[in-house]
Structures are given as structure tokens and as C-alpha cells.
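# quick one, fold the following:
(one chain, ligands or ions: 1)
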Amino acid sequence: MKKIGILTCGGDAPGLNAAIRGVVKSVKELYNMETVGFYFGFKGLIENDFTMLNNTSGYLTRGGTILKTSREKPFKDPDSRDKLAAILNTYRYHDLDALVILGGNGTLKTAYALQKELGLNVLVLPKTIDNDIYGTDISFGFSSAVDIATEAIDRIHSTATSHQRVMVVEVMGHKAGWISLMAGLASGSDIILLPEIPFSYRRIYDLIDRRVSLRKDSTIICVGEGAISLDESGLSKEELEQSRNHLSIGQRIAGSIDKFTPYDSRLTVLGYVQRGGTPNAFDRNLATILGASAAKLIDSGNFGNLVAYVNNRAIPVPLNSIAGKLKVVGLNNSYLQSARSIGVSFGD
Ligand code: F6P
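This is a model prediction of the structure:
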């Protein structure tokens with residue numbers, strides 16, 4: 001009887017339980033394999049904190065992760081040798097044939113190192129609401145986060161027009177602006193600010209002035225949490241935090257509008273709402289497709305891969321070709337170009 005392990009790492013996202021279900025049901029149905037679930041990401045592997053996963057009823061629609069998660073990075077700590085030895089012990093204790101790891105960029109690097117340093121058979125399923133994993137068109141959790149953010153900004157529109165205000169909505173995505181681009185465009189935001197395009201405050205003020213002169217009722221600014229202004233673009237992470245005095249970019253923008261323009265602004269930070277609750281239909285099906293594909297890769301002994309989703313198909317992409325890389329919004333991205341075509345400003 002073959003046996004695999006599964007664990008969830010990093011920030012949670014809608015679709016994690018659907019992906020667990022996809023893997024557990026596929027390996028059982030197709031190859032009669034058992035699945036061991038490890039709690040709290042790599043921490044559960046280190047401590048052999050596990051449960052047998054047999055019945056996945058209710059997993060498809062359930063938010064969060066039933067296996068809990070952590071940002072444990074076993075290769076980062078000074079006592080990493082002991083942690084790695086413990087991981088190897090756990091892998092051998094359960095006589096595992098493979099390890100399926102659900103995670104984002106940080107997880108990818110650790111998974112690749114486990115394969116390379118310890119010779120474990122690993123597969124990674126791309127999970128993050130940020131959608132910044134290189135090598136896959138999309139990660140599960142992203143589509144649900146865009147839906148959540150879009151619906152929230154739709155609601156912001158009605159209160160903005162009632163009060164004739166400038167509404168700043170800060171969405172997640174600390175290194176790449178995928179959520180701000182896709183939710184900003186879908187919600188009809190007037191200004192979309194991405195980490196990839198440093199913005200000018202002066203440009204934002206001029207755009208608001210122009211909308212007021214056109215008798216527009218409000219201005220909606222959708223800003224990714226990682227966005228930076230032109231004068232911040234040369235700063236290091238520490239200098240940036242210092243210059244912002246620990247204010248988020250949304251707080252900075254709303255505050256500057258109040259200070260330097262005659263307009264009334266309000267800030268809404270969507271935060272963890274974007275990671276909560278049930279996955280949308282797309283993410284449920286994406287998680288199932290990736291889980292089923294992982295089962296087939298396990299059976300064929302094809303390890304050391306990200307189970308990527310490319311051109312509407314699940315395909316294996318070698319971890320050594322993507323570990324450490326980031327997928328950011330390109331300036332020629334078709335959604336970005338289309339947004340500019342209809343007059344959306346990116347603050348540049
Ligand atoms: O990586 C996903 C993400 O939600 C980012 O968008 C966000 O900046 C980060 O995780 C928050 O991390 P934590 O959950 O540790 O606060």
C-alpha cells in the first residue's frame with residue numbers, strides 16, 4: 001500500500017481544503033493510496049504532528065485549512081540540521097512514497113531544498129491569493145480573493161457617490177499587483193496602483209481634480225498593499241518602513257489627499273477578508289484539477305515539480321527552474337493595457 005503525506009504552508013487561502021480533498025480522493029480512487037495529513041505546515045513534519053485523512057466530506061466548500069498552517073522555514077533556523085533530521089525521520093517513520101505540499105513562493109524554495117538535500121519525493125500545488133508564483137498561469141485562492149475584493153469595491157462605489165468622496169481601497173498582494181489590477185478593473189476603479197508601477201501623488205491629485213471638473217460623483221482608488229510612490233521607489237525595505245512611519249500605503253494616500261487637496265477621502269483596508277471563507281467555483285475546480293494531476297504524477301514517479309496550471313491544463317514544472325522567481329504584472333499585460341484604453345490611471 002503506497003502512502004503519501006500532505007501539508008499546507010504559508011498564508012491560508014480559499015481552496016486549500018478543496019485541494020486536500022482533490023489529492024486524497026484521487027490517490028485513493030485511482031491507486032488505493034493512503035494519505036497522512038501533517039498539521040501546521042513544516043512544523044507538523046518536524047514534530048510528526050499528523051492525522052490520517054480518509055473522509056474529506058465538506059472539504060470542497062470549507063475555507064481555511066483543516067491541517068492549519070505556519071510560516072515555518074526549516075532551512076532558515078540555526079538549528080536547521082536537527083529540524084531536517086526530524087523531517088527525514090517523520091518521512092521514514094510513515095514510510096512515505098511522496099510529499100504533496102500546498103504553498104506559495106516561500107514554500108516552493110523549502111520544498112525544492114527538501115528534494116535536493118534530503119532526497120524526498122515532493123510535489124507542490126500553487127497556493128496564494130497573490131498569484132505571484134512563477135511558472136503557473138494562476139494559483140488557487142487568487143480568483144476567490146479577486147471576487148471578494150471586487151464585491152467589496154462595488155459596495156464602496158455606492159457610499160462614495162452618496163457622499164461625493166474619494167474612496168481609497170487597499171487590497172492584498174505585497175510583491176505583485178495581481179489582486180489590485182484584476183479587482184480594480186472588474187470594479188470600475190478610476191485609479192489602480194500596483195507595486196510594479198511607482199505612482200506620482202501629483203498625478204493622483206490632478207486626476208481627482210479632472211473628475212470633479214467633469215462633475216463625477218466620486219473617485220475610487222484601488223491600491224495594492226505593496227504599491228510605492230516615485231519618491232519611495234529608491235528606498236530599501238527598512239528605509240521605506242521608516243519613511244512611512246509604519247503607515248500602510250492606503251493610509252498614506254488617503255492622508256495626503258486630505259492634506260493636499262480640498263477633497264474628502266476615506267480608507268478601507270480589505271485585509272484578511274480576501275483570504276477568508278468558501279472558495280469560488282473556479283478555485284474549487286482548479287484545486288480539484290491540480291489534486292488529480294498530482295496523483296497521476298505520484299503514480300508515475302514524476303517528482304520535484306510544481307503542479308502548474310498553464311493554458312488551461314495542469315502540467316509539471318520543475319522546481320529547480322522556478323524556485324526563487326516571482327511572477328509580477330508585466331507592463332504589456334493585456335488587462336493592464338485594456339484598463340489604460342478605457343481611461344483607468346495607474347498613477348504614472
Ligand atoms: O501571501 C499572501 C498574503 O496574504 C499577502 O497578500 C499578505 O501581505 C501576507 O500574506 C500577510 O501575511 P500574514 O498572514 O503572515 O499576516
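# contacts, neighbours, all on C-alpha from now
Will do.
# just the strands in the stretch 51-200 of the chain please.
98-103, 122-126, 166-171, 191-193 (DSSP state E, counting those that start in this stretch).
# same question for the second one, mean pLDDT?
Yep, that's strand 122-126 we're talking about. Throughout strand 122-126, pLDDT has a mean value of 98.
# closest one to residue 45 among the strands of the stretch 51-200 of the chain?
Closest approach to residue 45 among those is made by strand 98-103 (10.2 Å; C-alpha to C-alpha).
# rewinding a little: most tightly packed of the strands of the stretch 51-200 of the chain?
strand 122-126 (a mean of 29; mean count of other C-alpha atoms under 10 Å).
# and it, which strands flank it?
Taking DSSP bridges as the criterion, strand 122-126 forms sheet pairs with strand 98-103 (parallel), strand 305-310 (parallel).
# list the contacts of it.
Here strand 122-126 makes contact (C-alpha atoms under 8 Å, 6 or more residues apart in numbering) with 98-104, 108, 111-112, 114-115, 133, 136, 138-140, 290-291, 294, 303-308.
# and stretch 151-171 with the ligand, contact?
No. Contact check for stretch 151-171 against the ligand, using C-alpha under 6 Å from any ligand atom: none in range, with a minimum separation of 8.0 Å.
# so for the residue nearest to residue 1 when sequence neighbours are not counted, what's the pLDDT?
Closest residue to residue 1 apart from its sequence neighbours, by C-alpha to C-alpha, 6 or more residues apart in numbering: residue 33 at 6.1 Å. Looking at residue 33, its pLDDT stands at 98.
# residue 33 reaches residue 23, doesn't it?
No. Contact criterion C-alpha atoms under 8 Å: residue 33 and residue 23 do not qualify, at 10.3 Å.
# the more surrounded of these two?
residue 23 (26 against 18; other C-alpha atoms under 10 Å).
# which residues does the more buried one contact?
288, 290, 291, 292, 294, 295.
# what of residue 289?
Here residue 289 is in contact with 22, 314 (criterion: C-alpha under 8 Å, 6+ apart).
# and it, what element?
helix 281-299 (DSSP states H and E).
# what mean pLDDT does that helix get?
98.
# the strands paired with strand 122-126: which one's closest to residue 66?
strand 98-103 (12.6 Å).
# distance from the closest one to the middle of the chain?
17 Å (C-alpha atoms, centre = their mean, to the nearest Å).
# what does stretch 217-230 give?
With C-alpha atoms, centre = their mean, you get 19 Å for stretch 217-230.
# what does stretch 112-120 give?
Distance of stretch 112-120 from the chain centroid (C-alpha atoms, centre = their mean) equals 24 Å.
# the ligand is nearest to which of the strands paired with strand 122-126?
When the strands paired with strand 122-126 are compared by C-alpha to the nearest ligand atom, strand 98-103 sits nearest the ligand, at 9.5 Å.
# now residue 112. Nearest residue, chain neighbours left out?
Leaving aside its sequence neighbours, residue 112 sits nearest to residue 319 (C-alpha to C-alpha, 6+ apart; 5.9 Å).
# the one you found: neighbour count?
23.
# repeat for residue 5
26.
# didn't it look like it was pressed against residue 39?
No. Using C-alpha under 8 Å as the test, residue 5 is too far from residue 39 to be in contact (10.8 Å).
# give the contact list for the residue nearest to residue 112.
108, 112, 304, 305, 306.
# spell out the secondary structure type for the residue of the stretch 1-150 of the chain found nearest the ligand.
Of all residues in the stretch 1-150 of the chain, residue 11 sits closest to the ligand, at 4.8 Å by C-alpha to the nearest ligand atom. Secondary structure, DSSP: H, G, I helix; E, B strand; the rest coil: residue 11 is coil.
# surely it touches residue 107?
No. In this structure, residue 11 is not within contact of residue 107 by C-alpha under 8 Å, at 10.3 Å.
# related to what we said a few turns ago, relative to residue 106, how far out is the residue nearest to residue 112?
12 Å (C-alpha to C-alpha, to the nearest Å).
# which parts of the stretch 101-250 of the chain sit against the ligand?
So far as C-alpha under 6 Å from any ligand atom goes, the stretch 101-250 of the chain lies against the ligand at 128, 129, 130, 172, 173, 174.
# hmm, try it at 8 Å
104, 128, 129, 130, 171, 172, 173, 174, 225, 226 (C-alpha under 8 Å from any ligand atom).
# quick check: domain ranges of this structure?
Following the assignment in automatic domain parsing, the chain carries domains at 3-141+279-321, 143-276.
# alright, calling it a day.
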